[in-house]
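A.B. asks: 3D model of this:
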Amino acid sequence: MMFGESWAQIGSSIAGLMVTLEQFVLANLQQFSFVQRFCDKLVSFFSPYIQITFPEYSGYWNNQAYTAIETYVGALATTKAAQLKGSLIRNSKALVLTRDDKKVSDEFHGVKVWWILDPSANSEDKHYQLIFHRQNRDLITGSYLDYVLKEGKAIEARNKQRRLYTNNLSENWSSYKKNLWSDIAFENPTTFQTLAMDPKKKEEIINDLVAFTKGKEYYDKLGKPWKRGYLLYGPPRTGKSTMIVAMANLLIYDIYDLELTTVKNNTELRKLLTYTSSKSIIVIEDIDCSLDVTGQRTKGKADKSSEKLRNDHKKEKDSEYEKTSKVTLSGLLNFIDGTWSAYGTGRIFVFTTNHINKLDLALIRWGRMDLHIELSYCSFEAFKTLAKNYLDLESHELFEKIGILLKETDMTPADVAENLMPKREKKNPDSCLESLIQALKDAKEKAKLKADKERTLKVKKEGRTKKLYTSLIKKKWLFKA
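C.D. replies: Coordinates of the predicted model:
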């Protein structure tokens with residue numbers, strides 16, 4: 001009995017010593033790192049509790065676990081705290097309620113754990129600390145943390161304010177600020193429902209996007225990175241940018257608008273990719289103007305005159321870009337389909353162009369741009385969608401006349417929408433439709449005059465060529481075949 005009491009007294013003395021070290025000695029000597037480490041080890045030796053730290057950054061990269069934990073713990077705190085503080089924070093579309101103190105308890109399968117935010121006042125980077133009893137190690141490091149990460153990501157998806165990003169000049173990058181991209185709130189309301197295009201084509205695109213978002217296991221089974229590429233092509237003002245917005249709103253994805261002309265080389269391009277989030281849309285608009293991707297990989301057999309024209313166009317296109325950027329087609333291909341493209345998951349790459357025939361086939365083949373979507377001039381079905389959007393009309397006596405004119409005239413959806421837009425506060429559907437009919441008639445007449453002019457020039461050119469040919473034969477400078 002005396003022996004047991006002696007051990008109890010010894011244990012009590014050790015516990016008292018630990019408290020003294022932590023409250024007094026450690027507080028005064030914590031600036032000496034070796035003392036801090038020694039005391040931590042001494043306390044952990046006698047303590048039955050385990051601590052796991054989740055820093056905000058892992059090296060130079062954002063720690064995605066920290067983000068999920070922050071969201072989960074924030075939601076957990078609001079359900080148990082009596083005193084809360086509210087704020088509208090960046091990247092959130094709803095008011096965020098948080099607890100004032102930094103310690104939050106949680107319970108999982110009857111086991112209690114504690115979360116502590118940034119316990120070190122001198123720490124530059126925030127971090128969360130998870131504390132639990134060592135006898136529950138397997139449960140907490142396995143099932144519980146999996147649950148926390150999954151639930152945190154789900155809450156973040158529900159509350160997330162989506163962002164529109166654009167890349168900064170590399171001169172303004174800094175490793176500690178991680179400011180490769182600038183962003184603003186993405187609040188464009190365009191959806192596939194309001195998108196003016198053929199309904200069957202629209203449904204095909206929606207089904208393809210939804211199938212992709214649900215296909216992670218299938219891609220893993222094939223041994224392929226979970227990513228997909230879309231090429232949007234067609235004349236200007238046919239809705240390519242609008243299509244990208246509809247995609248983002250359907251999938252609840254952020255958009256990264258990549259301006260290639262500001263990227264100096266392939267290394268910078270890869271670094272920008274590593275700073276994009278998973279489940280996002282990476283966009284390069286007017287790809288044929290951003291980089292020389294006009295078939296230079298096979299131009300050895302090209303006609304010399306065509307090659308000269310391309311080179312002249314390249315010089316005139318962007319002299320400043322030529323001096324500063326060394327991004328190559330090979331680098332871009334590796335970006336979307338090479339080793340680095342496997343970084344992150346669930347990404348969608350979207351390229352747009354007005355001239356698909358100018359693009360190198362290596363860039364737009366399957367596996368890089370998996371689905372080619374042509375966005376052309378306004379059809380009657382697309383017009384009906386616009387009439388519903390702008391005038392709340394599903395039918396009208398003038399629709400038939402407009403349908404006939406749309407078959408005879410090329411007009412972009414943007415131009416049709418501009419004519420349907422009420423010019424006054426009070427809507428007058430009849431005047432808007434009449435305005436569109438007049439615009440279609442004017443466009444038809446203009447196209448006819450242009451075609452007549454081109455035909456006349458062609459006849460004149462052929463006449464001059466024939467006259468020159470006859471003259472050379474008469475002078476015997478050319479023999480008739």
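A.B. asks: Which stretches in the stretch 101-250 of the chain count as helices?
C.D. replies: Using DSSP state H, counting those that start in this stretch, the helices found in the stretch 101-250 of the chain span residues 137-139, 145-159, 199-213, 216-222, 240-251.
A.B. asks: By mean pLDDT, show me the worst of those.
C.D. replies: Among the helices of the stretch 101-250 of the chain, helix 145-159 has the lowest mean pLDDT, at a mean of 87.
A.B. asks: Give the buried residues for that one.
C.D. replies: Residues of helix 145-159 classed as buried: 145, 148, 149, 152, 153, 155, 156, 159 (neighbour count, 16 or more other C-beta atoms under 10 Å). To be clear about C-beta, it is placed using only N, CA and C from the backbone, and glycine gets the same treatment.
A.B. asks: taking the mean pLDDT, what do you get for stretch 433-442?
C.D. replies: For stretch 433-442, the mean per-residue pLDDT is 94.
A.B. asks: Run through the stretch 51-200 of the chain and note the low-pLDDT ranges.
C.D. replies: Scanning the stretch 51-200 of the chain for pLDDT under 70 picks out 59-61, 79-101, 119-125, 175-178.
A.B. asks: What ranges does it have for its strands?
C.D. replies: Per DSSP state E, counting those that start in this stretch, the stretch 51-200 of the chain carries strands over the ranges 57-58, 61-62, 84-87, 96-99, 103-108, 111-117, 127-133, 163-167, 181-185.
A.B. asks: ok but residue 269 is inside a strand, no?
C.D. replies: No. In this structure, residue 269 is helix, not part of a strand, as judged by DSSP: H, G, I helix; E, B strand; the rest coil.
A.B. asks: Contacts only, for it.
C.D. replies: Contact analysis of residue 269 by C-beta atoms under 8 Å, 6 or more residues apart in numbering lists 260, 263, 327, 331, 332, 335.
A.B. asks: Which helix or strand contains the last one?
C.D. replies: Element membership for residue 335 (DSSP states H and E) is helix 329-337.
A.B. asks: Can you name the residues in contact with that helix?
C.D. replies: Helix 329-337 is contacted from outside by 229, 260, 265-266, 269-270, 273, 291-293, 296-297, 340-341, 349, 360, 362-363, 367-368, using C-beta under 8 Å, 6+ apart.
A.B. asks: So which of the residues you listed are in helices?
C.D. replies: Applying DSSP state H to the contacts of helix 329-337, the entries found in helices are 266, 269, 270, 273, 362, 363.
A.B. asks: what's the longest helix in the protein?
C.D. replies: Assignment by DSSP H gives helix 429-474 as the longest helix of the chain.
A.B. asks: Now render the buried residues of helix 145-159 as JSON lines, adding distance to residue 195.
C.D. replies: Formatted as JSON lines, the buried residues of helix 145-159 follow (distance: C-beta to C-beta, whole Å):
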{"residue": "145", "distance to residue 195": "41"}
{"residue": "148", "distance to residue 195": "38"}
{"residue": "149", "distance to residue 195": "35"}
{"residue": "152", "distance to residue 195": "33"}
{"residue": "153", "distance to residue 195": "29"}
{"residue": "155", "distance to residue 195": "30"}
{"residue": "156", "distance to residue 195": "27"}
{"residue": "159", "distance to residue 195": "26"}
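A.B. asks: gap between stretch 228-235 and the chain center?
C.D. replies: Centre-to-centre, stretch 228-235 and its host chain are 15 Å apart (C-alpha atoms, centre = their mean, to the nearest Å).
A.B. asks: Please apply the same query to stretch 420-429.
C.D. replies: With C-alpha atoms, centre = their mean, you get 35 Å for stretch 420-429.
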